[in-house]
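K.L.:
structure, please.
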Amino acid sequence: MAEDASAELTEDRFARISGLRQWMQAGLIGSEDLIERLLIGLLTGGHLLIEGAPGLAKTRAAKLMASALSGSFARVQCTPDLLPSDLTGTDVFNPETGKFAFSPGPVFHNLVLVDEINRAPPKVQSALLEAMAETQVTSGSTTHALPEPFCVIATQNSIEHEGTFPLPEAQLDRFLLHIVLDLPGLETERRILDLVEAESQQGAAEPDALALEDVMQARRDVVGIHLSPALRDYIARLVVATRKGPFSDEIEHAVSPRGTLALAAGARARAYLAGRDHALPEDVDAVAADALAHRMVLSWAAAAEGRRPRAVIADILAATEAL
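P.N.:
Numbering: from 1, shown residues only. Okay, here's the model as predicted:
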């Protein structure tokens with residue numbers, strides 16, 4: 001009887017997450033892959049980096065997801081004069097008590113949107129790195145835990161590079177997925193016009209808020225998604241192919257074991273969103289570029305020839321037998 005009740009709760013939770021996905025798809029035309037990646041980040045506890053030209057709904061996507069969660073949301077617009085304390089918080093003197101008290105910053109929210117992260121100076125990026133990696137913030141000699149769930153969605157502009165501070169490899173590696181957005185096609189542009197006109201006349205529909213407890217339980221469900229020994233071997237072979245083999249000469253810094261874990265987590269979450277209790281090679285292939293490309297650095301010769309990490313990952317996928 002208890003097992004039946006547990007299964008019913010799991011199905012109900014999956015239905016609510018599926019409803020959230022459908023609601024976001026209605027408000028983000030032509031962004032099915034982006035929405036899937038956002039939900040993968042939410043379901044795995046991973047952080048996301050979204051890169052694309054201005055106007056591709058990077059900020060809108062994060063705000064849409066935040067509006068459907070019962071947790072707290074904060075947005076940080078990065079600028080070169082931003083200070084670490086602007087992000088993490090600082091100790092403030094209270095004249096009534098004569099003592100300093102910690103005033104938490106924007107990272108003390110469940111979902112944090114960090115807009116144009118590459119415009120933040122290195123000290124701010126380093127402070128964010130600690131929050132992402134350790135889910136805690138240090139102020140003076142005191143460590144403050146961040147709320148659960150905690151997810152960072154960072155964006156960066158792929159066009160403007162003047163006055164920016166490129167993210168170091170160590171911080172890029174902290175992002176579960178690096179999502180690169182392309183410009184939409186003709187039909188998508190038409191549908192966007194229709195959506196904006198409809199929202200201006202009727203207003204945007206409000207979703208049923210997804211409870212944070214549902215998110216935490218769904219994360220446990222995702223961990224339980226089965227990875228067969230053959231699929232585990234496939235994931236390992238994909239990662240090792242960046243270190244040795246026919247493509248290793250193109251790669252100066254290969255993917256670390258953190259990439260292996262990210263690829264497995266992404267495949268599990270994608271299988272969960274598809275309503276399966278086991279992951280398939282297609283789940284691995286679908287998230288491979290977003291999970292691995294930002295974790296490796298190409299050799300000077302490969303970069304000079306115009307090669308890109310995502311193209312190398314695509315070639316590795318084509319050359320690696322799944323099962």
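
K.L.:
where exactly do the helices run in the stretch 151-300 of the chain?
P.N.:
Under the criterion DSSP state H, counting those that start in this stretch, helices of the stretch 151-300 of the chain are mapped to 169-172, 186-202, 212-223, 229-240, 257-273, 281-292, 300-304.

K.L.:
for residue 56, find the nearest of those helices.
P.N.:
Distance to residue 56, taken as CB to CB, is lowest for helix 186-202 among the helices of the stretch 151-300 of the chain, at 10.7 Å. For glycine as for every other residue, the C-beta is placed from the backbone atoms N, C-alpha and C.

K.L.:
list the contacts of the closest one.
P.N.:
Contacting residues not belonging to helix 186-202 are listed as 27, 29-30, 184 [CB atoms under 8 Å, 6 or more residues apart in numbering].

K.L.:
try it again with 6 Å
P.N.:
Here helix 186-202 makes contact (CB atoms under 6 Å, 6 or more residues apart in numbering) with 29-30.

K.L.:
that helix: which residues count as buried?
P.N.:
Neighbour-count burial for helix 186-202, counted by 16 or more other CB atoms under 10 Å, picks out 192, 195.

K.L.:
give me the distance between it and the centre of its chain.
P.N.:
Here helix 186-202 is found 26 Å from its chain centre; the criterion is CA atoms, centre = their mean, to the nearest Å.

K.L.:
mean confidence for it?
P.N.:
In this model, helix 186-202 has an average pLDDT of 84.

K.L.:
coming back round to it: with residue 34 as the reference, name the closest of the helices of the stretch 151-300 of the chain.
P.N.:
Going by CB to CB, the one of the helices of the stretch 151-300 of the chain nearest residue 34 is helix 281-292, 10.3 Å.

K.L.:
check what contacts that closest one and list those residues.
P.N.:
Helix 281-292 has contacts (CB under 6 Å, 6+ apart) with 177-179, 235, 255, 259, 262-263, 266-267, 270-271, 310, 313, 317, 322.

K.L.:
just want the angle from that helix to helix 257-273.
P.N.:
Inter-element angle recorded for helix 281-292 and helix 257-273: 140 degrees (by axes from the mean of the first three to the mean of the last three CA atoms, to 10 degrees).

K.L.:
list the buried residues of helix 281-292.
P.N.:
The neighbour-count check on helix 281-292 (16+ other CB under 10 Å) flags 281, 283-292 as buried.

K.L.:
on that earlier part again, make a PyMOL selection of the buried ones in the contacts of helix 281-292.
P.N.:
Written as a PyMOL command, the selection of buried residues from the contacts of helix 281-292, which uses 16+ other CB under 10 Å, is:
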select buried, resi 177+178+179+235+255+259+262+263+266+267+270+271+310+313+317
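
K.L.:
since that was my last question, I'll sign off now.
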